[in-house]
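Student: Output the structure for:
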Amino acid sequence: MTAIEPGTTGRHSWFHRTWPAAAGLAVGLASGIGIADGAEVAPVVAASGFVYLVAAALGSRVAAWPAFAVSVVLIAAAKVVPGFAPTWGMLAIGAVLLLVGLARGRRRPPWGLPLQAAAMLVLGAVALVAAEVSPTWSGVLVAGALLVHAGWDVHHHRTGRVVVPSMAVFCAVLDTALAGLVLAVTLT
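Tutor: Reported below is the predicted structural model:
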């Protein structure tokens with residue numbers, strides 16, 4: 001019989017189980033530091049749908065992490081390229097990948113590509129609207145969408161669908177932390 005090391009479950013270490021939450025908290029807080037209103041982080045709402053759509057379209061739960069990296073690049077590009085709108089970029093890439101997924105026969109299961117495409121459409125629309133409305137409405141829309149998506153993440157983590165568990169945990173914590181910061185900015 002083999003002894004289990006302290007701090008481990010025998011299968012995964014404490015670090016392995018907690019790094020996604022810690023990273024999500026760090027990214028969520030870093031994304032919200034110094035914002036003036038929700039419009040500044042509205043593309044994160046689109047990114048939350050984008051990550052799931054990419055994974056569903058490619059039929060690869062692991063594809064969520066590279067999709068997240070692409071969303072980070074697109075959001076960062078908006079800070080250095082005048083007039084670049086990352087939400088539109090994610091919607092365009094998402095549309096192409098939706099077509100790829102459909103061409104590859106990913107119409108089923110219904111909670112896969114069909115549901116993720118619908119979610120991307122709704123989240124992208126919320127992000128676009130939030131970027132154009134008053135700061136108060138922007139904050140309410142962004143925080144609300146992020147909190148709803150955090151619930152989406154928890155559901156997908158529990159069911160083991162669409163994205164890898166590490167992404168679902170990371171995203172749930174990021175969404176919740178950023179929603180809290182957006183609400184704090186909006187209410188003060």
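Student: wouldn't Val122 be in contact with Ala46 here?
Tutor: No. Judged on C-beta atoms under 8 Å, Val122 makes no contact with Ala46 at a distance of 10.2 Å. Where C-beta positions appear, they are placed from N, C-alpha and C, glycine not excepted.
Student: The two - which one has more neighbours?
Tutor: Ala46 (30 against 14; other C-beta atoms under 10 Å).
Student: gap between that one and Ala92?
Tutor: 11 Å (C-beta to C-beta, to the nearest Å).
Student: Could you do Trp152 as well?
Tutor: Taken as C-beta to C-beta, the span from Trp152 to Ala92 is 22 Å.
Student: Compare the two (neighbour count), which wins?
Tutor: Between Trp152 and Ala92, counting by other C-beta under 10 Å, Trp152 is the more crowded of the two (22 against 12).
Student: How about the more buried one: what's its closest non-neighbour residue?
Tutor: Ala119 (7.1 Å; C-beta to C-beta, 6 or more residues apart in numbering).
Student: where does Gly105 land on pLDDT?
Tutor: If you check Gly105, the pLDDT there is 82.
Student: Revised request: answer the last question for Val96.
Tutor: pLDDT, Val96: 96.
Student: What residues of the host helix or strand of it count as buried?
Tutor: Using DSSP states H and E, Val96 falls within helix 86-103. The neighbour-count check on helix 86-103 (16 or more other C-beta atoms under 10 Å) flags Pro86, Thr87, Gly89, Met90, Leu91, Ile93, Gly94, Leu97, Leu98, Gly101 as buried.
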